[in-house]
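A.B. asks: Predicted model, plus sequence, below.
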Amino acid sequence: MTSLSETTASTVVSALRAAGCVFAEDEAELILAAARTPDELAAMVDRRAAGQPLEHVLGWAEFHGLRILVEPGVFVPRRRTEFLVGQALAQAPGASVVVDLCCGSGAVGAALAAALGDVELHAADIDPAAVACARRNIAPYGGHAHTGDLFDALPAALRGRTGILAANVPYVPSGEVGLLPAEAREHEPLVALDGGGDGLDVLRRVAAGAREWLAPGGCLLVETSEHQAEDAVRAVRHAGLTTRLAVSEELYANVVIGVRAA
């Protein structure tokens with residue numbers, strides 16, 4: 001059996017480049033560092049060349065300075081969502097109760113808890129696989145993971161107590177899901193991508209229920225796209241929250257922030 005030390009990076013780079021990986025050199029470095037045996041290396045390269053997300057191949061994603069565990073079939077946290085985390089910390093730096101709704105891997109909740117310190121953290125998702133993954137990521141912060149449809153998943157005791165309600169909702173219009181990169185549409189759950197006819201079905205439901213769960217001065221943060229932003233702001237404002245839009249051109253991120261009056 002050939003040892004890993006004898007397997008050159010150029011061989012892996014070539015295989016990844018041939019499969020269409022744009023950042024083949026960077027990905028090869030990560031895969032080589034993660035593989036423990038030649039057989040494992042070969043399997044990882046084959047999985048990546050077949051189109052699986054790099055994060056699923058590695059088993060983790062870097063997010064807001066943390067290494068977040070990401071299992072196959074679970075939504076991969078996007079770097080642009082780090083902007084949502086930053087906006088939440090700026091809006092509510094003293095939050096003591098944090099809810100990560102539509103949590104996926106729990107990356108947002110983990111990042112917020114890591115930055116805020118001693119908080120009561122809850123994460124919820126309708127997908128049991130996502131909840132199982134999130135539970136592992138928020139465990140170091142004493143977090144609680146719940147399975148269910150949006151607010152139905154949360155303990156009733158959280159009503160009126162939530163300082164930060166982060167909801168990275170699915171917002172791809174149903175008719176555009178087929179246009180997503182194969183990595184997303186073939187390897188991530190549809191429920192984490194499809195936001196309904198105009199992409200805002202879940203966002204509207206979250207906005208409509210948010211005020212009941214927020215503490216006075218608490219904030220809701222939802223990610224959306226540039227062309228949906230105006231309608232998303234309108235939905236959150238209609239729910240009785242003081243609303244603004246935060247934009248990062250660098251990260252192509254749009255976050256609607258709604259605050260319950262103190």
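C.D. replies: Looks like it came in fine.
A.B. asks: Longest strand in this protein, by number of residues?
C.D. replies: strand 214-224 (DSSP state E).
A.B. asks: show me where the stretch 1-150 of the chain has helices.
C.D. replies: Secondary structure of the stretch 1-150 of the chain (DSSP state H, counting those that start in this stretch): helices at 9-18, 24-34, 38-49, 54-58, 82-91, 107-116, 128-138.
A.B. asks: Find the nearest non-adjacent residue to the residue nearest the centre of the chain, please.
C.D. replies: By Cα atoms, centre = their mean, the chain has its centre lying nearest to residue 77, at 3.6 Å. Residue nearest to residue 77 in three dimensions, not counting chain neighbours: residue 107, with 3.7 Å by Cβ to Cβ, 6 or more residues apart in numbering. (Each C-beta comes from the backbone N, C-alpha and C, glycine too.)
A.B. asks: now swap in residue 29 and tell me
C.D. replies: Nearest non-adjacent residue to residue 29, counting by Cβ to Cβ, 6+ apart: residue 9, 6.9 Å away.
A.B. asks: What is the burial count for the one you found?
C.D. replies: If you count neighbours by other Cβ atoms under 10 Å, residue 9 ends up with 13.
A.B. asks: Kindly report the same for residue 117.
C.D. replies: 8.
A.B. asks: Look up how far residue 106 lies from it.
C.D. replies: Per Cβ to Cβ, to the nearest Å, residue 117 is found 17 Å from residue 106.
A.B. asks: Also residue 19?
C.D. replies: Per Cβ to Cβ, residue 19 is found 30 Å from residue 106.
A.B. asks: The two - which one has more neighbours?
C.D. replies: In this view residue 19 and residue 106 are compared by other Cβ under 10 Å, and residue 106 has more residues nearby, 30 against 14.
A.B. asks: Run through the residues that contact the closest residue to residue 30 other than its chain neighbours.
C.D. replies: Distances taken as Cβ to Cβ, 6+ apart place residue 58 nearest to residue 30, at 6.0 Å, with adjacent residues excluded. The neighbourhood of residue 58, defined by Cβ atoms under 8 Å, 6 or more residues apart in numbering, consists of 30-31, 34, 44, 70.
A.B. asks: One more pass at 10 Å, please.
C.D. replies: By Cβ atoms under 10 Å, 6 or more residues apart in numbering, the contact set of residue 58 is 27, 30-31, 33-35, 44, 48, 67, 69-70.
A.B. asks: thought the residue nearest to residue 77 was touching residue 143?
C.D. replies: No - under the criterion of Cβ atoms under 10 Å, residue 107 lies out of contact with residue 143, with a separation of 11.8 Å.
A.B. asks: Overlap of the contact sets of these two?
C.D. replies: Shared contacts of residue 107 and residue 143, defined by Cβ under 10 Å, 6+ apart, comprise 100, 123, 134, 137.
A.B. asks: got CSV for these, with pLDDT and distance to residue 163 too?
C.D. replies: Output for the shared contacts of residue 107 and residue 143, formatted as CSV (pLDDT from 0 to 100; distance: Cβ to Cβ, whole Å):
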residue, pLDDT, distance to residue 163
100, 98, 13
123, 98, 15
134, 98, 19
137, 98, 20
